[in-house]
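> test case, fold it:
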Amino acid sequence: MEFLELTKARYSCRKFSKKEVEREKIEKILEAGRLAPTACNFQPQRILVITDSEKIEALKECTKFTFDAPVILLVCYDKNESWKRKYDGHDEGIVDSSIVSTHMMLQIAELGLGSTWVGSFDTNKAREILKVPENFEIVNLLPFGYPAEDALPSVKHEERKELQETVFWNEF
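So this is what the prediction gives:
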């Protein structure tokens, strides 16, 4: 599949089958994240793979958006290792983790699986439940798995602004 076809076909899946995701596929997804570019190649991303049903159930204490996915990735970055911009101290860890997450989401889609980015959750509760080290900044959850037979994109999936509304050439 060509890249633009893949990006058009990929949607935020919010309904998963109970089918287990093969370990080889999970590892391929993680490899796509490992190969993602990061600021100064510092690679501060830290990913917790959650397949234990009890831990996934416990995550429901901090978000209703687990969608009963069989696998959830908790994407973080180590703030002791992320690159900081010298001009203003801006921490690029959240950008690095977002790039890593996007690479994994596209690999998930290419494998015929579904995923959705979850940012709406209680990070303090997630930190407590999953015993996340203090130096790790939590960025997002990435539930994924085989889409349920009746899984569909949201009605807004194909709504996109025209390029001229979001892209400018040489000046705003």
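
> I'd like the next helix or strand past the helix or strand harbouring Asn140.
Per DSSP states H and E: Asn140 is located in strand 136-145. Next in sequence after strand 136-145, counting helices and strands by DSSP H and E, comes helix 163-166.

> any idea how far Ile50 is from Met105?
Plainly put, Ile50 is 16 Å away from Met105 if you go by C-beta to C-beta, to the nearest Å. Every residue, glycine included, has its C-beta placed from N, CA and C.

> so what's Lys15 up against?
Applying C-beta atoms under 8 Å, 6 or more residues apart in numbering to Lys15 gives the contacts Phe67, Pro147, Ala148, Asp150, Ala151.

> and the two most separated of those residues?
Phe67 and Asp150 (13.1 Å; C-beta to C-beta).

> who's more crowded, these two?
Between Phe67 and Asp150, Phe67 has the larger neighbour count (other C-beta atoms under 10 Å), namely 21 against 7.

> what sits closest to Thr116 if chain neighbours are left out?
In space, and not counting its chain neighbours, Thr116 is closest to Ser12: 3.9 Å by C-beta to C-beta, 6 or more residues apart in numbering.

> so Ala32 versus Val49, what's the distance?
Distance, Ala32 to Val49, using C-beta to C-beta: 14 Å.

> neighbour count for those two, which is higher?
Higher neighbour count among Ala32 and Val49: Ala32, with 19 against 14, using other C-beta under 10 Å.

> is it true that that one touches Thr102?
No. If you go by C-beta atoms under 8 Å, Ala32 and Thr102 don't touch, sitting 9.6 Å apart.

> for this structure, which helix is longest?
Counting residues, the longest helix in the chain under DSSP state H turns out to be helix 93-110.

> by contact count, what packs against it?
helix 3-9, helix 23-34, strand 45-50, strand 71-78, strand 114-115, strand 136-145 (3 or more C-beta pairs under 8 Å, 6 or more residues apart in numbering; DSSP states H and E).

> adding mean pLDDT, write those out as a markdown table.
Supplementary listing: the helices and strands packed on helix 93-110 in a markdown table, determined by pLDDT from 0 to 100:
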| stretch | mean pLDDT |
| --- | --- |
| helix 3-9 | 95 |
| helix 23-34 | 98 |
| strand 45-50 | 98 |
| strand 71-78 | 98 |
| strand 114-115 | 98 |
| strand 136-145 | 98 |
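
> just those: most buried one?
strand 114-115 (a mean of 27; mean count of other C-beta atoms under 10 Å).

> what residues does that one touch?
Around strand 114-115, the neighbours that count as contacts under C-beta under 8 Å, 6+ apart are 11-13, 16, 69, 104-105, 108-109, 142-147, 151.
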